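[1] Just the structure for this:
(4 chains)
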Number of protein chains: 2
Amino acid sequence: MQTKSLLISSEIVQSLDVGIAALMAVSQMPDATLSELARKTGETKPRILRMLRTLEHRGLVRKSSEGTYRLGNTAIVLGTAASTQVDLVRVANPILERLGQKVNETTQLRIIDNRESLCIAKFEPTRDLRVHSMIGRRRPLYAGSYKVLLAFLPPSVQAQMIPETLLKFTERTITNRVKLGAELQRIRAAGHCVSHGEVSEQLISVSVPVLAFDGSVIAAINIAAPAFRTQDSDIERYIGLLKDDAREISTGLGW
Amino acid sequence: MQTKSLLISSEIVQSLDVGIAALMAVSQMPDATLSELARKTGETKPRILRMLRTLEHRGLVRKSSEGTYRLGNTAIVLGTAASTQVDLVRVANPILERLGQKVNETTQLRIIDNRESLCIAKFEPTRDLRVHSMIGRRRPLYAGSYKVLLAFLPPSVQAQMIPETLLKFTERTITNRVKLGAELQRIRAAGHCVSHGEVSEQLISVSVPVLAFDGSVIAAINIAAPAFRTQDSDIERYIGLLKDDAREISTGLGW
DNA sequence: GTCTCTGTTACGCTTATCGTAACACCTAGC
DNA sequence: GCTAGGTGTTACGATAAGCGTAACAGAGAC
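    Numbering: from 1, shown residues only, chains lettered A, B, ... in the order given. Reported below is the predicted structural model:
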């Protein structure tokens, strides 16, 4: 008895699964040592060592001269291929860039992944002061304008996505589940969500859902900007632009 | 007896290795079916099915509604992380872009990988007629200007990198191993290589090596352009620019 | 000196993974 | 109608691949 996998363990090759876990660990902690990676994944050192050797042999991971691990060239090739194969990203990227250029602010594409929102595409303007964004960064679903992802979910699924305790990021974060529910209804009716510093102080974020042909929510696109240079008139304008572009992404996906 | 792995099989977790092989197969043949992927990897269908299910569970692969497979969101996240973790790419990318803007032509960064040259970074100008480039694309080491990668290798390693038979891509491809050896010596002396349509007709490519502190070759950067708009004076200018930038990459890597 | 970290190797137990076989479901051919 | 040759999928028992334990060497710390 070495695994406690009593639930949906079947159909999954555990060696491969742990190998991927090691790969993701390297991706999240560049220049980590073997021991650190073993701790992070909760596996034994010999096991992770075997995994890393295999990953290195495939070029997904590189061992530095100091003995620490980083992602390798194959990971770059894989990621580039992925951005052309994932329809959503391929379609959204030029639209995000065009929109970002137009408003001269940061734009993002986010999806629901594992009860969080996950950034899978972005554009940042060149101006000095701008909102920083990063592909792969996760944020809660219940705070900030990414709430739109929640708002357009069927009620039964929605409930599963909201954790028991809602962390308070700023003074304006909604931490009451009932109030959150009411807010989600309002968002659904309006078709957009504006966050005034709910996650980060002094930051305004406007999100709009990208819907499939059947009205189910696929993703969200948003504009994020410093509050001091964003007037109410800007926000109104952003909402209109986002809605147009969200529709364009939908049709670009074939609907 | 199910594997014939008599050589360096040890130290490698085969389940993980085959799983990665399946992943790379998906990356190379988007929208492939299970049977196709099993054939491509030379494994049985049930085995590949198990691998794909595990990869899907981790988000590296997505199964479309028609039952075919594509890369998934995790692959995008992984690739983005990789481009910030691989020093060479991180350092070279802005330099490649600056150079490409300056000459208004396509620029590339290539390394040796598995006896081939592999493109791991690139820039393409916006003009209508330009040389197309793709991260992940492989080219032979013995043809075109990528020969610089060979030329700066220690002679013993160099020999291992040159295949028995040299494929003839165009009329100008060198297919004689002796002639190739002489050419490599000339390149090493000159510090650069110019290809006049050795791989593709009507294409000129200029490459220069990126050297480590000890003079060993790390990578090559190149400019690729249509022959009709590239004068000898342009080529001379490209060589100078490339040499400067190659040195800048070297120092950017800490040397 | 010991103590505690590293990374690494060896080896025997056992369980996870494998391939075979059989399954159901197609479309094509005729 | 019936094969015939494709899919993708599931079941199961045999086996060897992969596991953890243990022990190793080396590097600091103090």
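[2] Strands of chain A, start to end?
    A:61-63, A:69-71, A:106-113, A:116-123, A:138-140, A:193-196, A:203-211, A:217-226 (DSSP state E).
[3] what stretches of chain A score poorly on pLDDT?
    Applying pLDDT under 70 to chain A flags the ranges A:1-10.
[4] Spell out which residues of it are next to DNA strand C.
    Counting by CB under 7 Å from any atom of the strand, the residues of chain A lying close to DNA strand C are A:1-3, A:12-16, A:33-36, A:45-46, A:49, A:67. The way it works is simple: take the backbone N, C-alpha and C, and place the C-beta from them, glycine included.
[5] Filter the residues you listed down to just the buried residues.
    A:12, A:13, A:15, A:16, A:34, A:49 (16 or more other CB atoms under 10 Å in any protein chain shown).
[6] Pick out whichever of these sits closest to DNA strand D.
    Comparing these against DNA strand D with CB to the nearest atom of the strand places residue A:15 closest, at 4.2 Å.
[7] Among the buried ones among the residues of chain A next to DNA strand C, which are located in helices?
    Mapping those onto helices (DSSP state H) picks out A:15, A:16, A:34, A:49.
[8] contacting residues for the second one?
    Taking CB atoms under 8 Å, 6 or more residues apart in numbering or on different chains as the criterion, residue A:16 is in contact with B:15, B:16, B:18, B:19, B:51, B:54, B:55.
[9] okay if I get the strands of chain A as JSON lines plus mean neighbour count?
    Formatted as JSON lines, the strands of chain A follow (neighbours: other CB atoms under 10 Å in any protein chain shown):
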{"stretch": "strand A:61-63", "mean neighbour count": "20"}
{"stretch": "strand A:69-71", "mean neighbour count": "24"}
{"stretch": "strand A:106-113", "mean neighbour count": "24"}
{"stretch": "strand A:116-123", "mean neighbour count": "24"}
{"stretch": "strand A:138-140", "mean neighbour count": "17"}
{"stretch": "strand A:193-196", "mean neighbour count": "22"}
{"stretch": "strand A:203-211", "mean neighbour count": "25"}
{"stretch": "strand A:217-226", "mean neighbour count": "24"}
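[10] closest one to residue A:246 among these?
    Closest approach to residue A:246 among the strands of chain A is made by strand A:203-211 (4.8 Å; CB to CB).
[11] what helices or strands is that closest one leaning on?
    Contacts defined by 3 or more CB pairs under 8 Å, 6 or more residues apart in numbering or on different chains; DSSP states H and E place strand A:203-211 against helix A:147-151, strand A:193-196, strand A:217-226, helix A:232-252.
[12] Now do residue A:124 against DNA strand C, distance only.
    Here residue A:124 is placed at a distance of 35 Å from DNA strand C (CB to the nearest atom of the strand, to the nearest Å).
[13] Skipping adjacent residues, who's closest to that residue in space?
    Once flanking residues are discounted, residue A:124 sits nearest to residue A:106: 5.1 Å by CB to CB, 6 or more residues apart in numbering or on different chains.
[14] next one: residue A:36
    Excluding its sequence neighbours, the residue lying closest to residue A:36 (CB to CB, 6+ apart) is residue A:29, at 6.5 Å.
[15] which residues touch that neighbour?
    Residue A:29 is in contact with A:36, A:37, A:40, counting by CB under 8 Å, 6+ apart.
[16] same deal with residue A:111?
    A:88, A:117, A:118, A:120, A:149, A:218, A:219, A:220, B:73.
[17] can you do 10 Å?
    By CB atoms under 10 Å, 6 or more residues apart in numbering or on different chains, the residues touching residue A:111 are A:86, A:88-89, A:117-121, A:146, A:149, A:210, A:217-220, B:73.
[18] Number of residues surrounding residue A:168?
    A count of neighbours around residue A:168, defined by other CB atoms under 10 Å in any protein chain shown, yields 12.
[19] likewise residue A:254?
    Residue A:254 has 9 neighbours, counted by other CB under 10 Å.
[20] where's the residue nearest the centre of chain A relative to residue A:243, distance?
    Among the residues of chain A, residue A:118 comes closest to the average C-alpha position under CA atoms, centre = their mean, at 1.1 Å. Distance of residue A:118 to residue A:243, given as CB to CB, to the nearest Å: 22 Å.
[21] Of all the helices and strands packed on strand A:203-211, which one is nearest chain B?
    Closest of the helices and strands packed on strand A:203-211 to chain B is strand A:217-226, at 10.4 Å (criterion: CB to the nearest CB).
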